[in-house]
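**Student:** Need the 3D shape of this:
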Amino acid sequence: MSQKKLPKFNSPKEAFCTCPPKYNLNPYLGRCSHGCVYCYAVKFPSFVGPLKPRYHLIEAVEAMVKNTKPKLPVMLSDSTDPYQPIEEKLRLTRKCLEVLVKYGFPILIVTKSNLVVRDLDLLTKTRSVVAITITTFKDEIAKQIEPKAPLPEKRIKAIHFLARKNIPVVVRIDPIIPFLNDDEKDFKLLVSTLASVGVKQVTVSTLKPVKGFFKKMEKINPKLSEKLKKIYSRGRWIAGYLYLPEELRFKYIKKFRSIVLSQNLNFASCRENLPQLNTTICDGTSYCQIQTRLRIF
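**Tutor:** The predicted structure follows:
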């Protein structure tokens, strides 16, 4: 029987994923407590239903780490936020981090929660980067599409705190939803705010609905749902995601790219098939990678 190792991050190349090799840990399975209406993870069986803390990881992760080479970045997490509200009590993410840091693995945190600042003491002990998603600075929009996630102001304060402690921070403005958070004036204000609190990079991505999205949106905002159905009717399904028409994606990404670059920040788009517009890699691991010639993917 083969020894268990850290799981690889796998994403379908047909969905235009350009992430470099890395590992991935989800301390929690089931539906994320943040309740985001646009959640893509619900297309995977492991991430539906009630939240499921993975208590067994506390015992298993050290053996996995010992068996894993090379020491590529480890992402926490790709599907269910590693800083669920219950993480404050259970500390599963922290306990996984303790082991990863002990063995010198670079860390990529992907979260919507300001709780990440709790683990600064661990993040400063290895090469780390924190990617925080902020889709808007407007509370009324955030409450509509991310009803149980920390409000944008709390996330911005967390970014400022981490940046002052020399932790590289990437902000994902993801997803950009047509007619909702795509206003150019609002985007400029958000990006200028991010630049002022020490963000190194902005990564953007347009909304890519999965099955069931429009029904959820119809209950929340019927008028917006109808507008989105119309604009996405010209798009196409790729690997289980509904993409905007290519010319419209290009228009969005090019416009937002110029705003990000005007603030002297690095820019990337995620799964848009527009790598020529990127100034760096989308996931932020350029800030925490250990140089190595060995590739396992």
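**Student:** where does the residue most central in space within the chain land on pLDDT?
**Tutor:** Nearest to the geometric centre of the chain sits Val110, at 4.7 Å (C-alpha atoms, centre = their mean). Model confidence at Val110, given as pLDDT, is 98.
**Student:** Who is it paired with across the strands?
**Tutor:** Val110 has these beta-bridge partners by DSSP bridges: Ala131.
**Student:** Just the helices from the chain, written as ranges.
**Tutor:** Secondary structure of the chain (DSSP state H): helices at 57-66, 87-90, 92-102, 120-123, 139-145, 152-164, 184-196, 213-220, 222-232, 246-262.
**Student:** Those helices into CSV, with extra columns for distance to Val74, mean pLDDT and mean neighbour count?
**Tutor:** Just so you know, the C-beta spots here come from the backbone N, C-alpha and C atoms, and that holds for glycine as well. Shown next, in CSV, are these (distance: least, C-beta to C-beta, whole Å; pLDDT from 0 to 100; neighbours: other C-beta atoms under 10 Å):
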stretch, distance to Val74, mean pLDDT, mean neighbour count
helix 57-66, 9, 93, 17
helix 87-90, 17, 97, 15
helix 92-102, 5, 97, 21
helix 120-123, 12, 98, 16
helix 139-145, 28, 96, 16
helix 152-164, 18, 98, 18
helix 184-196, 25, 97, 16
helix 213-220, 30, 94, 15
helix 222-232, 34, 97, 15
helix 246-262, 27, 97, 16
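**Student:** longest strand anywhere in the protein?
**Tutor:** strand 169-176 (DSSP state E).
**Student:** which residues are contacting that strand?
**Tutor:** The contact list for strand 169-176, computed with C-beta atoms under 8 Å, 6 or more residues apart in numbering, reads 38, 110, 129-135, 159, 162-163, 181-182, 187, 190, 194, 198-208, 252, 256, 270, 283-284, 287.
**Student:** re the thing from before, closest to Pro73 out of the helices of the chain?
**Tutor:** helix 92-102 (9.9 Å; C-beta to C-beta).
**Student:** Report the contact partners of Phe161.
**Tutor:** Applying C-beta under 8 Å, 6+ apart, the residues contacting Phe161 are Val117, Leu120.
**Student:** count of neighbours near the closest residue to Asn273 other than its chain neighbours?
**Tutor:** With sequence-adjacent residues excluded and distances taken as C-beta to C-beta, 6 or more residues apart in numbering, Asn273 is closest to Phe16, at 4.2 Å. Per other C-beta atoms under 10 Å, the neighbour tally for Phe16 reads 19.
**Student:** could you check the distance from Phe16 over to Tyr83?
**Tutor:** Look at Phe16 and Tyr83: by C-beta to C-beta, to the nearest Å, they are 27 Å apart.
**Student:** do Pro150 as well
**Tutor:** Taking C-beta to C-beta, one finds Pro150 at 9 Å from Tyr83.
**Student:** and the residue nearest to Asn273, what does it touch?
**Tutor:** Phe16 is in contact with Ile238, Arg271, Glu272, Asn273, counting by C-beta under 8 Å, 6+ apart.
**Student:** can you do 7 Å?
**Tutor:** Phe16 makes contact with Arg271, Glu272, Asn273, according to C-beta atoms under 7 Å, 6 or more residues apart in numbering.
**Student:** Can you flag the buried ones in those residues?
**Tutor:** Arg271, Glu272 (16 or more other C-beta atoms under 10 Å).
**Student:** Distance to Lys229 and pLDDT added to the contacts of Phe16, as a markdown table?
**Tutor:** Putting those into a markdown table (distance: C-beta to C-beta, whole Å; pLDDT from 0 to 100) gives the following:
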| residue | distance to Lys229 | pLDDT |
| --- | --- | --- |
| Arg271 | 21 | 94 |
| Glu272 | 21 | 95 |
| Asn273 | 23 | 94 |
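**Student:** List the contacts of the residue nearest to Glu146 when sequence neighbours are not counted.
**Tutor:** The shortest distance from Glu146 to any non-neighbouring residue, by C-beta to C-beta, 6+ apart, is to Cys36 (4.8 Å). Taking C-beta under 7 Å, 6+ apart as the criterion, Cys36 is in contact with Ile145, Glu146, Ala149.
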